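1. Curious how this folds, go ahead:
(chains A, B, C and D)
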There are 2 protein chains.
Amino acid sequence: MKQKLRLRQFEALMAVIHNSTVTSAAKELGISQPAVSRLLTDLKQTLGFSLFDRRGGQLVPTQEVRFLQADIQRVLDLMDQIGEVSQSITERKAGHIKIACLPGFATSHLPMVVAQFLKDRPGVSITIEPDRPERILEWMIDEQFDFGITDGFRGHSAVVSRDIHMRTVCIFPKGHILGHHDEITPTLLCDEKIIHTRRDSNFFQRLENAFLAENTHLMTLVETRQFTAACELVSNGLGVAIVSEMDAVKFANRNIEIRPFVPSIPHRLSLVRPILKQPSAITLEFIDAFAASLARFEGPAHPPQGAQQADRP
Amino acid sequence: MKQKLRLRQFEALMAVIHNSTVTSAAKELGISQPAVSRLLTDLKQTLGFSLFDRRGGQLVPTQEVRFLQADIQRVLDLMDQIGEVSQSITERKAGHIKIACLPGFATSHLPMVVAQFLKDRPGVSITIEPDRPERILEWMIDEQFDFGITDGFRGHSAVVSRDIHMRTVCIFPKGHILGHHDEITPTLLCDEKIIHTRRDSNFFQRLENAFLAENTHLMTLVETRQFTAACELVSNGLGVAIVSEMDAVKFANRNIEIRPFVPSIPHRLSLVRPILKQPSAITLEFIDAFAASLARFEGPAHPPQGAQQADRP
DNA sequence: GAAAAGTTATAACACTATGTTATGGCAATT
DNA sequence: AATTGCCATAACATAGTGTTATAACTTTTC
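-> Numbering: from 1, shown residues only, chains lettered A, B, ... in the order given. Got it, this is the predicted structure:
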């Protein structure tokens, strides 16, 4: 016989092994006794050897069956497991998300959001890979990651982005004379050396423009890519910086003062993902959760002076 | 949907993953395209999420499917494996045999037979457990082993036995005066101290009777359970022994002489197995092979003087 | 040892799974 | 706009899986 092995036959076999009689096995499976009976005769036919020996009223599996029993059990268990996992997936409780993000997010805010997200989703796992924006963009284009957190994003046909405009603030060491003001303006900073982002960044240009608009100019103390680094420097008494409020508040009790900066110059974050790679439902759910986590630091989209946006969805 | 996951659906899924189109997947499976098409829609229905995204002309699996892919592949592989193993079983090339034997067999003759037997049967594995006859009998009754090699067996209702009467010979160190004779009789041994089996053994009793029949008597030098031990002692120049020819020939070139002993006193081996436990085909095959391996040392069943047998099948 | 009780195998039939062919719609390409 | 190829659906055939009814066989009971 060149018949195919069927799962149902294995289920019947295991039920009979556990119950020692066909009748009670049928009861366990919730079907009639003749159904089990035939599943067994079919299986015996296919396998080519006897499955059971009669021993008084009982059926005991043959040596041959015992030899296969472990593997058969494994198949049935695996099928169950697949069923359970797929159930979890539809309930958004299983899956994997690969996230690429700016270094600043990898250590502070993102892990917090991830932890919260995983709390209710025991089957979900997440990869976090921090790198420069250029690399994150590449990864999106190559579809190597499901979700990216970047800035300075100028749009790309292979990437969908959702922009978030983060409020920024001015920070300086405690006891600094600027502490007498409720708001900080470029004019107030005319004699201060500033810690800021790279000169080629969009954020720096808008900052510089704000200074120029008040007929003053911006003096550089340190140029850094990360707001966190700027915060660190300031908390060590080093100078003045304009940073994302989100980063600033983490240093609130570490020897710095925080003041609104006027005019408001929001820092534009982009939540990106590959446009062609269909996202899993759990990925979309995470992106929403992440965006929500940023909400309390969100500001108005456009800086008041009306700089144009470069977003292309 | 509270549908059941079916193997065929998984086969279709994997085929489409490998082929990127339903049509070629159908070709791989050797069925029509609509058949695959429906298997997939059914599976999607059951799982509760999409299986593929269209990407130009190609179908690429969703994140969710990728998450399950490894497990699904494992199930299919396991099923294949079970099919192959069962095939091997019907061809008598797979299985397991548990053998209990006398210590003398565990080290010399049995491993040789086992090695030969396994040569053509790569899937077969064998357990060898040496112990005293009493323990071997227990193991048979408890059905803990498939096959036992013992002696002095007096029959038991839970055990089937097949008796083999092994020729015995007289051995003595090279250069011993007995070497002048072609056959050794009790009379010739009247002044010799003998190495023999335990006094309560059936074999010893028959040996002693042979001496009494010639109006002489047997003097003990050493009493041992194993013929191999007797051979070892003799080869070290220690005395005279009556042992199984099978054991004797292994010492043929180790400083001993071998002569027939008259009257012939065969040593009765019993090949036993549990009567209720249905033996696997491979077990029966092995027992036959083992019996055949003893054939060239087999002698007549009954000692000429007509001692009665105690066998009960 | 005959009767009773329980278990299993077979037959006849119903429904579901899985295959077929025919066909129409949709997308990519010409 | 026409062509080509791929996929989904419909209609139907066959095999797998369930049902009930019933006969045959075992074990237990008297």
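2. Residue ranges in chain A under the pLDDT threshold?
-> A:1-2, A:302-313 (pLDDT under 70).
3. which residues in it form strands?
-> Remark: strands assigned in chain A by DSSP state E are A:52-55, A:58-61, A:94-101, A:123-130, A:147-151, A:159-166, A:168-173, A:193-196, A:219-223, A:240-244, A:256-260, A:267-274.
4. For chain B, find the nearest of these.
-> Of all the strands of chain A, it is strand A:52-55 that lies closest to chain B, at 4.0 Å by CB to the nearest CB. All C-beta spots, glycine's among them, are computed from the backbone N, C-alpha and C.
5. Would you mark the buried spots in stretch A:40-50?
-> In terms of neighbour count (16 or more other CB atoms under 10 Å in any protein chain shown), stretch A:40-50 has its buried residues at A:40, A:42, A:43, A:44, A:46, A:47, A:49.
6. farthest-separated two in the residues you listed?
-> A:42 and A:49 (13.7 Å; CB to CB).
7. Up against DNA strand C, what does the stretch 1-150 of chain A have?
-> A:21, A:22, A:23, A:24, A:33, A:34, A:37, A:38, A:40, A:41, A:57, A:59 (CB under 7 Å from any atom of the strand).
8. wait, what's in contact with the first one?
-> So the one you mean is residue A:21. By CB atoms under 8 Å, 6 or more residues apart in numbering or on different chains, the contact set of residue A:21 is A:57, A:58, A:59.
9. my guess is the second one contacts residue A:22, does it?
-> No: taking CB atoms under 8 Å as the contact criterion, residue A:58 and residue A:22 are not neighbours in contact, 11.0 Å apart.
10. all helices of the stretch 1-150 of chain A, in order?
-> Assigned by DSSP state H, counting those that start in this stretch, the helices in the stretch 1-150 of chain A fall at A:7-19, A:22-29, A:33-47, A:63-90, A:103-107, A:109-119, A:133-141.
11. I misspoke; the intended subject was the stretch 201-313 of chain A.
-> A:202-213, A:227-235, A:245-249, A:281-294.
12. my read: residue A:59 touches residue A:16, true?
-> Yes: in this structure, residue A:59 is within contact of residue A:16 by CB under 8 Å, at 6.2 Å.
13. what does chain A put close to chain B?
-> A:5-7, A:47-50, A:53, A:55, A:62-64, A:67-68, A:71-72, A:74-75, A:78-79, A:81-83, A:85-87, A:89-90, A:94-96, A:146, A:276-283 (CB under 8 Å from any CB of the partner chain).
14. Who are the contact partners of the nearest residue to residue A:202 once chain neighbours are set aside?
-> Excluding its sequence neighbours, the residue lying closest to residue A:202 (CB to CB, 6 or more residues apart in numbering or on different chains) is residue A:152, at 5.4 Å. Shown in contact with residue A:152 (CB under 8 Å, 6+ apart): A:133, A:201, A:202, A:203, A:268.
15. Would you mind giving those as TSV with neighbour count and distance to residue B:129 added?
-> As requested, the contacts of residue A:152 are exported to TSV (neighbours: other CB atoms under 10 Å in any protein chain shown; distance: CB to CB, whole Å):
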residue	neighbour count	distance to residue B:129
A:133	21	69
A:201	17	77
A:202	17	79
A:203	21	78
A:268	21	76
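16. Name the nearest of those relative to DNA strand D.
-> residue A:133 (36.8 Å; CB to the nearest atom of the strand).
17. neighbours of the closest residue to that closest one other than its chain neighbours, just the number please.
-> Of all residues not flanking residue A:133 in the chain, residue A:150 sits nearest, at 4.5 Å (CB to CB, 6+ apart). Counted by other CB atoms under 10 Å in any protein chain shown, the residues lying close to residue A:150 total 24.
18. Test my guess that residue A:150 contacts residue A:273.
-> No: using CB under 8 Å, residue A:150 makes no contact with residue A:273, being 11.0 Å away.
19. Pull up the gap between residue A:266 and residue A:246, please.
-> 12 Å (CB to CB, to the nearest Å).
20. Find residues that contact each of the two.
-> residue A:166.
21. Spell out which residues of chain A are next to DNA strand D.
-> A:3-4, A:6-9, A:12, A:26, A:29-35, A:38-39, A:42, A:54, A:56-57.
22. re earlier: would you mind checking the residues of the stretch 1-150 of chain A next to DNA strand C for buried ones?
-> Among these, those classed as buried by 16+ other CB under 10 Å are A:22, A:37, A:40, A:59.
23. Considering those, which is situated nearest to residue A:255?
-> Closest to residue A:255, out of all of those and judged by CB to CB, is residue A:40, at 78.5 Å.
24. from memory that closest one sits against residue A:17, does it?
-> No: applying CB under 8 Å as the test, residue A:40 and residue A:17 come out as separate, 10.8 Å apart.
25. in chain A, what residue is nearest DNA strand D?
-> Taking CB to the nearest atom of the strand, chain A has residue A:32 as its residue nearest DNA strand D, at 2.9 Å.
26. show me what contacts that residue?
-> Contacts of residue A:32 (CB under 8 Å, 6+ apart): residue A:26.
27. next one: residue A:287
-> A:147, A:162, A:271, A:273, A:279.
28. Restrict these to the buried ones and give me that as a ChimeraX selection.
-> This is how ChimeraX selects the buried members of those, with burial counted by 16+ other CB under 10 Å:
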select /A:147,271,273,279
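29. So which of the contacts of residue A:287 is the closest to residue B:166?
-> The closest of the contacts of residue A:287, once distances to residue B:166 are taken by CB to CB, is residue A:279, at 77.5 Å.
30. Would you check how far apart that closest one and residue B:148 are?
-> Distance from residue A:279 to residue B:148, by CB to CB: 65 Å.
31. for residue A:62, same thing?
-> Counting by CB to CB - residue A:62 and residue B:148 are separated by 19 Å.
32. Which of those two has more residues huddled nearby?
-> residue B:148 (29 against 20).
33. I figured the more buried one hits residue B:101, correct?
-> Yes: when contacts are counted by CB under 8 Å, residue B:148 is listed as touching residue B:101 (6.8 Å).
34. got any residues that touch both of these two?
-> residue B:136.
35. give the contact list for the nearest residue to residue A:141 once chain neighbours are set aside.
-> Residue nearest to residue A:141 in three dimensions, not counting chain neighbours: residue A:158, with 4.8 Å by CB to CB, 6+ apart. The contact partners of residue A:158, taken as CB under 8 Å, 6+ apart, are A:140, A:141, A:274, A:275, A:276.
36. Weed out the non-buried ones from those residues.
-> For the contacts of residue A:158, buried by 16+ other CB under 10 Å: A:140, A:274, A:275.
37. List the residues that contact the last one.
-> Each residue near residue A:275 by CB under 8 Å, 6+ apart is listed here: A:157, A:158, A:159, A:160.
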